[in-house]
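S.K.: Quick one: sequence and predicted model below, then my questions.
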Amino acid sequence: MVGTKILIADDDHDIVGLIAESLEDEGFQTVAAYNGLEALEKATDPSLSLILLDIMMPGMDGLEVCRKIRNVVSIPILFLTAKDRELDRIIGLEIGADDYIPKPFSVNELIARIKAHLRRENRHIAGNRLMTISNLTINKDTFEVFKNGEKVDLSTKEFQILVYLAENRNRVLSREQIYNAIWGEAFYGDINTVTAHIKNLRAKIDKENELIKTVWGMGYKFIEVQA
């Protein structure tokens, strides 16, 4: 992970400095933004591997930054913020954040979470493999999804959930199983992130509610629809 570049967006210069110094000690490169507009400008840098994004920033809040970039940026977005209300967490997850770390935070835990997210992003299966299920074509190697031949833009976590559901099609998977498969058992985040990501995924690839079925009290099941 040496040389991996991370954007730190926070209006608190001391926090940015602390995180940047800690990450650089681990071999990461860092770039800073101190308000929402600056974060929006820098977030689409193709050399970035992960974004740390505060919610309460001047100019434009972190939620709006995330909303504006998520369809064009697939790298992990981690909210780092003093806001700890459940509603804020749910909103952040629904608009595409991958994790939520409240302040005050442990620098060691923050770095551990960053490394875990980056490991998962880099855990690609060798070879160019395609899955064709119903009207979807899923390319595991390029992280691309096509519905009826048209490309659908998914976040990294949405793509990973889709692949996990598709590989286990016709099986009921609990939210805990999906969470552990995508985020890992080491994460102690909000299980509602699964619900939020499934909602986003349905809006993008299953508006007809044909593929991803909710099994009440149990979880979700991916159904292969026959033509």
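M.R.: Nice, I can see it.
S.K.: Where do the helices of this protein begin and end?
M.R.: 13-25, 36-43, 62-69, 86-94, 107-121, 156-167, 175-182, 192-205 (DSSP state H).
S.K.: Nearest to the spatial middle of this structure, which residue is it?
M.R.: Against the mean C-alpha coordinate of the chain, by C-alpha atoms, centre = their mean, the closest residue is Asp98 at 3.3 Å.
S.K.: Can you read off the pLDDT for it?
M.R.: pLDDT recorded at Asp98 is 87.
S.K.: Glu150 too?
M.R.: Taking Glu150 on its own, its pLDDT is 89.
S.K.: and what of Ile8?
M.R.: Looking at Ile8, the pLDDT reads 97.
S.K.: Quick check, it in contact with Val16.
M.R.: Yes: at 5.1 Å, Ile8 counts as touching Val16 under the criterion of C-beta atoms under 8 Å. Placement of C-beta: from N, CA and C, glycine included.
S.K.: of these two, who's got more company?
M.R.: Shown here are Ile8 and Val16; by other C-beta atoms under 10 Å, Ile8 has more neighbours (24 against 19).
S.K.: ok, the more buried one - contacts?
M.R.: By C-beta atoms under 8 Å, 6 or more residues apart in numbering, the residues touching Ile8 are Val16, Ile19, Ala20, Leu23, Thr30, Val31, Ala32, Ala33, Leu52.
S.K.: Make sure the first one is actually in contact with Ala32.
M.R.: Yes: distance between Val16 and Ala32: 5.0 Å, which falls inside the contact criterion (C-beta under 8 Å).
S.K.: So for the least confident helix or strand in the chain by mean pLDDT, what gets flagged as buried?
M.R.: Across the helices and strands of the chain, mean confidence by mean pLDDT, DSSP states H and E is lowest for helix 86-94: a mean of 77. Buried residues in helix 86-94, counted by 16 or more other C-beta atoms under 10 Å: Asp88, Arg89, Ile90, Ile91, Gly92, Leu93, Glu94.
S.K.: again, but for stretch 191-205
M.R.: Buried, per 16+ other C-beta under 10 Å, within stretch 191-205: Thr193, Val194, Thr195, Ala196, His197, Ile198, Asn200, Leu201, Arg202, Lys204, Ile205.
S.K.: residues in contact with that stretch?
M.R.: For stretch 191-205, using C-beta under 8 Å, 6+ apart, the contacting residues are 89-90, 93-94, 96, 100, 136, 145, 147, 152-155, 157-158, 161-162, 175-176, 178-179, 182-183, 209, 211-212, 220.
S.K.: All good on my end, thank you.
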